[in-house]
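Peer 1: Provided below for reference: sequence and predicted model.
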Amino acid sequence: MGYSFGFPLVAGEVTEIEIVPKNDGIQVAEMRVMETRWQGEKAYIASLRDVTDRKQAEEALKDLEARYRSLFEGSPEGILIADIQTKNFKYANPALCKMLGYNEEELKQMGVSDIHPEKDLEYVISEFEAQVRKEKSLSQDTPCLRKDKTIIFADIHTAKLRIGGKECNVGFFTETTERKEMEEERKKLQAQLFQSQKMETIGRLSGGVAHDFNSIAKPPATPGRMEKAML
């Protein structure tokens, strides 16, 4: 072990060092040290390889990943990433966890079939596969099953993305439960109004028919009868 560079040199190890060249700036190099003999004494041979570009690219990638992580975690929309082949979940953001009542680690042990009502699975899977084939990008008012077994509804926009060498479906969940309930209430009121109007119309028609029937059934008054009635 030597200290010629101001720090311990260990033969066979690769160390990253910063170099300040004459023209300013900082470069990064990988230094590989080999032990040898020189004029009968132990010596070290250090080989340097410039890795500045690679280091800058790595730092840029880390910065980009940090930004995407910030967007992912801070998004008000629920984001859920599923492996297309297995339909198992890989990542979930806090908004999605709150929406469904699970934490991320629980969701990573689950798949598409675990967060939807059993009776709707055939429809949900067909929607998932249609989105994978890019036949559609939006699945509206999709029923979702929360951890507490209550059912909510969500619009799910999707996009394909390759993560870790695997094709994934990125789902953006916007809860529509309140909208769905309001729509159902509106339909219910419309049906009630239609029924009320129908009964009112039937009532009017019945009244008109009865009036016409009475007019037909009642014999017309003759002059003799009229005189007798007056007396």
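Peer 2: Cool, got the structure. Numbering: from 1, shown residues only.
Peer 1: In the protein, which residue is most central in space?
Peer 2: The chain has Phe172 as the residue nearest its centroid, 2.3 Å off, counting by C-alpha atoms, centre = their mean.
Peer 1: Ser96: neighbouring residues, count only.
Peer 2: I think there's a mix-up here, since residue 96 is Leu and not Ser. Here the count is done by other C-beta atoms under 10 Å, and Leu96 has 25 residues near it. All C-beta atoms are positioned from the backbone trio N, CA, C, and that covers glycine.
Peer 1: Give me the secondary structure label for Gln85.
Peer 2: coil (DSSP: H, G, I helix; E, B strand; the rest coil).
Peer 1: for it, what are its contacts?
Peer 2: Taking C-beta atoms under 8 Å, 6 or more residues apart in numbering as the contact definition, Gln85 lies against Lys166, Glu167.
Peer 1: Please compute how far the helix or strand where Leu71 lies lies from its chain's middle.
Peer 2: Assigned by DSSP states H and E, Leu71 belongs to helix 52-74. For helix 52-74, the separation from the chain centroid amounts to 23 Å (computed by C-alpha atoms, centre = their mean, to the nearest Å).
Peer 1: Mind giving me the packing neighbours of it?
Peer 2: strand 27-38 (3 or more C-beta pairs under 8 Å, 6 or more residues apart in numbering; DSSP states H and E).
Peer 1: what mean pLDDT does the strand it packs on have?
Peer 2: Mean pLDDT, strand 27-38: 78.
Peer 1: Show me what that strand is packed against.
Peer 2: Right, strand 27-38 is packed against strand 14-19, strand 41-50, helix 52-74 by 3+ C-beta pairs under 8 Å, 6+ apart.
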